[in-house]
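> sequence? don't have it. structure:
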C-alpha cells in the first residue's frame, strides 16, 4: 500500500484554447491537455491522455447544478457583511434597511448573495449567537418577502445561526470552518438538505494569523478539505451538495496565499465545485501597496480573473458590478458565448 508521501495529486494545467487532446476543465469553459502530477516528493508533467479514466472524469466532468446554478461557467457570490467590524465594509450595512438596499443593488450583478453577521477577519472576536441571528435572519426574510429569488448563502460557523437563516429563506450555508467549529452544523445542513461550502481555515479568527505553518501548503490544504468532505458525507450530506474553498487569507501568509493561487486547479481533483474568496484581502493590499481595503478593487479583479482562468466555479467578491464587467470582457475575448 502506498504511504501518504507517495499519494498523487493531479493539477490540470488550465488554458483558454482547445488543442489536440485537450479536455474541458471541470466541464467549464477552460481546457487542459497536460496535468502536473504532484507528490510530496516532487512533480512531473503528463499528457491528459495518459490519465486513468477515474482521474480524467474527476478533472474533466461537469460539476452539476450546485444549489440550482449551472456550474459550467464562473458564478459570482456577492459579499454582504451585516457587521460593525468586517475588515472592508464593517458598519456600512449594519442597519437592516441599509443591508436590504445593498443586497438589492448587488443582486443585479451577482449570482449568489452571501450574508454574514460575524466578522472573521484576523483578530476578530466571536459574536453571540442571538446577536448574529438578529443581524442576518431579518435581512434574509425581508429580501425573500420583497421577491428576491436568487440564492442566498448564510456565512456562518454556528448551527443555530444557519438554522435561523435557512428558516428565513437562505438557500445554502457557507462555513469558514468546514463544519469544525460547531458540532451541530453538519446535522443542520444534512437535515435541511441544502448545499454547503466547506472552507479551509486553521484555529479561529483571533489566532489564525499567529505564525501559520505548513509542510506543503497546497497539498496540506487539499488533504484537509478532503478530510472535511469525508466528514460531511459521513454526516449525511450528499457529495452533490458540497463545494470547497481553499480559504485564501485564513491562517495563511502572503507566500502561502500566492502558492495556493498558483496551484488552484489542483482542487478540481476533488471533483467538486470550487469557490475562490480573495476579494480585498490583506495580501492584495501588501502587493498592490494599498492599505485601505476599500480601494483594493483593481487587485481583487486581477485575482478574480486568475481564478476564472483556473476554472473556479464561484468567486466571492465585494465589487459585484465591476467584477461582472471584467468577467464579461474576459469571456468575450475567449469567445465564450453569453
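Received the coordinates, thanks. Remember, predicted model here, so these are calculated numbers, not experimental data.

> could you check the pLDDT of the closest residue to residue 264 other than its chain neighbours?
In space, residue 264 comes closest to residue 310 once its chain neighbours are excluded; the distance is 4.2 Å by C-beta to C-beta, 6 or more residues apart in numbering. All C-beta spots, glycine's among them, are computed from the backbone N, C-alpha and C. Residue 310 is assigned a pLDDT of 98 by the prediction.

> so residue 310 touches residue 30, yeah?
Yes: with the criterion set as C-beta atoms under 8 Å, residue 310 and residue 30 qualify as a contacting pair; they are 7.5 Å apart.

> identify the contacts common to those two.
Contact with both residue 310 and residue 30 is made by residues residue 14, according to C-beta atoms under 8 Å, 6 or more residues apart in numbering.

> ok, and what's touching the helix or strand of the chain with the lowest mean pLDDT?
The helix or strand of the chain with the lowest confidence, counting by mean pLDDT, DSSP states H and E, is helix 96-107 at a mean of 77. The set of residues external to helix 96-107 that reach it, using C-beta under 8 Å, 6+ apart, is 78, 80, 82, 92-93, 113, 115, 138-139, 142-143, 146, 148, 150, 320.

> how far is that helix from where the chain is centred?
Average the C-alpha atoms of helix 96-107, do the same for its chain, and the two points are 22 Å apart (C-alpha atoms, centre = their mean, to the nearest Å).

> ok and the helix or strand following it relative to helix 96-107, angle-wise?
Using DSSP states H and E, the next helix or strand after helix 96-107 towards the C-terminus is strand 112-116. Regarding strand 112-116 and helix 96-107, their directions subtend 150 degrees when assessed with axes from the mean of the first three to the mean of the last three C-alpha atoms, to 10 degrees.

> tell me what strand 112-116 is packed against?
Strand 112-116 sits against strand 75-81, helix 96-107, helix 129-145, strand 152-155, with contacts defined as 3 or more C-beta pairs under 8 Å, 6 or more residues apart in numbering; DSSP states H and E.

> pLDDT score for residue 82?
Confidence at residue 82, expressed as pLDDT, is 85.

> ok, the one 10 residues further on next?
On the pLDDT scale, residue 92 is placed at 56.

> begin at 22, not 1, for the rest of this chat.
All set: I'll call the first residue 22, so the last point we hit is now residue 113.

> tell me the spacing between residue 81 and residue 310.
Plainly put, residue 81 is 40 Å away from residue 310 if you go by C-beta to C-beta, to the nearest Å.

> ok, residue 283 next?
When distances are taken as C-beta to C-beta, residue 283 and residue 310 turn out to be 21 Å apart.

> where does the stretch 222-359 of the chain dip in pLDDT?
Flagging of the stretch 222-359 of the chain using pLDDT under 70 yields the residue ranges 224-229, 231, 358-359.

> that concludes my questions; thank you for your assistance.
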